[in-house]
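In: Need a 3D model of the sequence below.
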Amino acid sequence: MTRTQDDSIPATLYGRLAALRGDLALSTERRRIYRRTVAELSRLSDRDLADLGCEREGIVQMARDAARRAVPR
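Out: A predicted model of the protein is given here:
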């Protein structure tokens, strides 16, 4: 009985793991930017936020948008 080696399975697995690692790095960076943006905007007064064209209720959405723009897929 001859044994054959199938290198495509490990290559596929390594490729998936590399892609997962890349996705995790992007997600971590987006989360870092999101948290920093929320913290910075939360420290601003209502007047400063109004100067930026934002209300306090819009901070979360602005932070999400900032994180998406900063770290594209």
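
In: now the closest residue to Ala63 other than its chain neighbours: how far from Ala11?
Out: Of all residues beyond its chain neighbours, the one nearest Ala63 is Thr37 (4.0 Å), with distances taken as Cβ to Cβ, 6 or more residues apart in numbering. Heads up, the C-betas are built off the backbone N, CA and C, glycines and all. Distance from Thr37 to Ala11, counting by Cβ to Cβ, to the nearest Å: 39 Å.

In: between the two, which one's more packed in?
Out: Using other Cβ atoms under 10 Å as the criterion, Thr37 and Ala11 rank with Thr37 on top: 19 against 10.

In: what helix or strand is that one on?
Out: helix 8-43 (DSSP states H and E).

In: Could you find the residue nearest the spatial middle of this protein?
Out: Nearest to the geometric centre of the chain sits Arg30, at 2.6 Å (Cα atoms, centre = their mean).

In: Kindly tell me how buried the residue lying closest to that one once chain neighbours are set aside is, as a neighbour count.
Out: Nearest residue to Arg30 in three dimensions, chain neighbours excluded: Ala67, at 4.3 Å (Cβ to Cβ, 6+ apart). Using other Cβ under 10 Å, Ala67 is surrounded by 20 other residues.
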